[in-house]
Structure formats: C-alpha cells, structure tokens
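Peer 1: quick one: sequence plus predicted model below, questions after.
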Amino acid sequence: MKATMLRSAGAALKRASRSTSSCHLGRRSYSSESQPERKVAILGAAGGIGQPLSLLMKLNPLVSSLSLYDIAGTPGVAADVSHVNTRSQVKGFVGEEQLGEALEGSDVVIIPAGVPRKPGMTRDDLFNINAGIVKSLCVAISKYCPSALVNMISNPVNSTVPIAAEVFKKAGIYDEKRLFGVTTLDVVRAKTFYAGKANVPVENVNVPVVGGHAGITILPLFSQATPKANLPNDEIKALTKRTQDGGTEVVEAKAGKGSATLSMAYAGALFADACLKGLNGVPDVVECSFVQSTVTELPFFASKVRLGKNGVEEVLGLGALSDFEKEGLESLKPELLASIQKGIKFANQ
Ligand SMILES: NC(=O)c1ccc[n+]([C@@H]2O[C@H](COP(=O)([O-])OP(=O)(O)OC[C@H]3O[C@@H](n4cnc5c(N)ncnc54)[C@H](O)[C@@H]3O)[C@@H](O)[C@H]2O)c1
Ligand SMILES: O=C(O)C[C@H](O)C(=O)O
C-alpha cells in the first residue's frame, strides 16, 4: 500500500517537472548510471526554502553530490536528508570556515540565503541585510567554484543578481551565461492562477513571465498563454495583479512567519533541474530567468532563456505583446532600472 502511494507520488513529481517548464523541457528519461557526476551546493540550506529544496535536490537523479551550507543548522539537515535512498552523497557544512569546501567543484550553486519579508515590507526592504550576505557568498564562489552556474533566489533578486555580476567582474571571473535570477516561482504562480481561471488542466499550461521579480516588475504574458482561453480583459488584469502580488499573498497569510518557502523550493528545484539538464546536453531546455540581457534597454531582464552546456545558450525575445502588456513593460522599466543600479552601486562601494 505504502509502496504504491510512494510510486504514484514519484510519478506525479516527474510529470510536474516535465510540464512546468515555461516552454519545452527535454523529455528523455535517464538512469543515474548514465549521468555525469554533478555537484550542487545550496547556500542557506537550513532555512525555510533551503530545507525543502535540499530534499527536492536529493530526489533529483542528476545530482551526484549535494553540499548543504548555512551559518547554522546544516549538520542536522544534512544528516536527515542523507538517509533518503537516492543517488547523491550529502554533506553538511557550517560556518564561513567550511564555505570553501562546500563550494569546491560545484556545477550549480543555489542561493536562498538571507532574510525573508514580513507583512508590510517590500522586497527592497531586505536589501540592507541581504546585499551583504549575497556579496560575501559571491566572493567565495569567485574563489572556489568560478565556473559554477549560480541560481540566485535571495531577494531583492532585481538587485542581488547585479550585485553578484559586479562581484564576479571584480574577481575577473564574470560570465553572463552563468548567472541567473530565479523567477520560476512567478511562472509557477502564473500557470496555477491561469489554469484556475481558464478551467484547463494545469499540467498543460505554459505562461512566460518577463521583467523582474518584485511587484509591477513581474510581467506575466497571458496573451501568450497556452492553451488559449480568450479570457476577457478584466480577468487578464486580475490574473496579472494576482501574479505580481503572489509573494505578498503568502507573506500576509504567514502573518510574520516568513514568505513562500515550499512553493519556492519547488520552483527552485525545477530551475536547478533545468540548469543540470542544460549542462548535460539535453536539447531545448527553456525557462524564464532574470539574466544579463539585450532584450530591452535594461542591462538585466527576465525572459525565456535557452539553457545549454555553458549555461545561457540564448536569451529569447519577448514575442508579440498585447497593448496591456506593452503598457506594463514601459511602466516596470524605471523601477527595475533603479533596483539594478542600486545593486551595482552597492557592490562597487
Ligand atoms: N526568488 C524568489 O522567487 C524567492 C521566493 C521566496 C523567497 N525568496 C527569498 O529567499 C530568501 C530566503 O528565504 P527563506 O524563507 O528561506 O528565509 P529563512 O530565514 O527561513 O532562511 C534563510 C537562511 O539563510 C541563512 N543565512 C543567513 N546568512 C547566511 C550566510 N551568510 N550564508 C549562508 N546562509 C545564510 C540563515 O541561517 C537561514 O537558514 C529571502 O531573501 C526571500 O526573500 C525568494
Ligand atoms: O514575496 C517574497 O518576499 C518572497 C518571494 O519573492 C515570492 O515571490 O514569494
């Protein structure tokens, strides 16, 4: 009975990971024996996101070594997760003196380290604490695993990604193909909310989300959503607003106990899986991500990105936008640019 339940849960996870890419994920199945060795490090692994993300990455057969780092609590998390009978070897690292070893040899580094919002706060209110945390972690990445793909989850993503870029430039190791702001949760939310309104099976839904990762800088492109549903304008507006406020919806519901952790762990695991597939040469892996970009005049922008053996293989354009989306795009630019510049300035102080 239990075995049957576990098997069907595993199958459901596999189905979800195939269907939640914004576009098309490689559909071949792999056995762990034929997979290359891949080390994934999670920085902030003992936190609200870090713990479930550690579990989800332990379930990923593409991972051979899982390195769990935090300033406290990682020995327990690592011991716990390590008992799960899947391919990867798990090690916990705690405190700055163990950060180098945690990072060494990593192919993908996922960063959910830093403080989350409380009700009434914006993501930018986290800048003062999280900017310093991200900066110091990126200095260590420059030193110990300069060619890793970096998946930045820590907020404000619109600023922490530019901070990371500047740190890497200073260290002489910056490669724009290897730095990603994780905006997958916006895509996950847009798909869920759209499926509910359009009354279509959520596993078939695709919606690109572009721009950035805060309030109006989150721009879901429901005009490109599939399956087509011809929703009226007022419903598209409401869906857009709900996607933009999705993080705040969770922050308020948690009433002071943090922000999205479980849905974020799921989204972070999906994005890291896409990065690993790209590294392993799986074709046509496309996800939305906040990356260095020339899609607009802004130096960083989230859009669909094709992932490959070196990280970003191609930053894809926006496609045709509705008038409502064109307006949204113009309105988000000043705020997004200010957040990017704030990050760049901080990193160069
Ligand atoms: N990109 C997104 O879509 C998205 C979604 C949800 C949350 N977030 C952000 O993710 C971050 C983490 O959220 P959470 O709910 O897991 O917070 P949390 O407080 O539960 O966990 C954060 C963890 O980071 C650790 N940490 C702090 N300083 C560190 C350092 N120097 N090195 C390593 N670890 C360190 C803490 O010890 C803690 O375990 C927040 O900034 C939050 O806003 C982003
Ligand atoms: O909203 C937050 O502060 C966390 C995260 O960015 C989210 O979108 O859930």
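Peer 2: Arrived safely, thanks for sending. Numbers count the residues shown, from 1 in each chain. Ligands and ions are numbered 1, 2, ... in the order given.
Peer 1: can you pull out the low-pLDDT segments for the stretch 1-150 of the chain?
Peer 2: In the predicted model, the stretch 1-150 of the chain carries pLDDT under 70 at residues 1-33.
Peer 1: now do the helices in it.
Peer 2: Shown for the stretch 1-150 of the chain, the helices assigned by DSSP state H, counting those that start in this stretch span residues 2-19, 50-58, 74-82, 99-103, 127-144.
Peer 1: from the contact counts, what lies against the last one?
Peer 2: Using 3 or more CB pairs under 8 Å, 6 or more residues apart in numbering; DSSP states H and E as the contact definition, the elements that helix 127-144 packs against are helix 99-103, strand 108-111, strand 149-152, helix 157-171, helix 323-347. C-beta: built from backbone N, CA, C; applies to glycine.
Peer 1: kindly report the same for the shortest one.
Peer 2: Where contact means 3+ CB pairs under 8 Å, 6+ apart, helix 99-103 is packed against strand 39-43, strand 65-70, strand 89-94, helix 127-144.
Peer 1: leaving out the residues flanking it, which one is nearest to the closest residue to ligand 1 within the chain?
Peer 2: Of all residues in the chain, the one sitting closest to ligand 1 is Gly47 (2.0 Å; CB to the nearest ligand atom). If the residues on either side of it in the chain are set aside, Gly47 comes closest to Pro112, at 6.1 Å by CB to CB, 6 or more residues apart in numbering.
Peer 1: my read: that neighbour touches Gly44, true?
Peer 2: Yes: under the criterion of CB atoms under 8 Å, Pro112 is in contact with Gly44, at a separation of 4.4 Å.
Peer 1: neighbour count for the two, which is higher?
Peer 2: Pro112 (27 against 24; other CB atoms under 10 Å).
Peer 1: confidence score at the spatially most central residue of the chain?
Peer 2: Closest residue to the average C-alpha location of the chain: Val182 at 2.5 Å, with CA atoms, centre = their mean. In the prediction, the pLDDT value recorded for Val182 is 99.
Peer 1: who's in contact with it?
Peer 2: Ile110, Asn151, Met152, Ile153, Val157, His213, Ala267, Gly268, Phe271, Ser289, Phe290 (CB atoms under 8 Å, 6 or more residues apart in numbering).
Peer 1: likewise Ser263?
Peer 2: By CB under 8 Å, 6+ apart, the contact list for Ser263 reads Leu185, Val188, Arg189, Val250.
Peer 1: list the buried ones in the helix or strand harbouring the last one?
Peer 2: Applying DSSP states H and E as the criterion places Val250 in helix 246-254. By neighbour count, and taking 16 or more other CB atoms under 10 Å as the criterion, the buried residues in helix 246-254 are Gly246, Gly247, Thr248, Val250, Val251, Lys254.
Peer 1: any idea which of those is closest to Leu239?
Peer 2: Using CB to CB, the shortest approach to Leu239 within the buried residues of helix 246-254 belongs to Gly246, at 10.6 Å.
Peer 1: do you know how far the closest one is from Gly215?
Peer 2: In this structure, Gly246 lies at 11 Å from Gly215, with CB to CB, to the nearest Å as the measure.
Peer 1: picking up where we left off before, now do the shared contacts for Pro112 and Gly44.
Peer 2: In contact with both Pro112 and Gly44: Gly50, Ile153, Ser154, using CB under 8 Å, 6+ apart.
Peer 1: and the last one, how many neighbours?
Peer 2: The tally of other residues near Ser154 (other CB under 10 Å) stands at 29.
Peer 1: could you find the closest non-adjacent residue to it?
Peer 2: Of all residues beyond its chain neighbours, the one nearest Ser154 is Gly114 (4.0 Å), with distances taken as CB to CB, 6+ apart.
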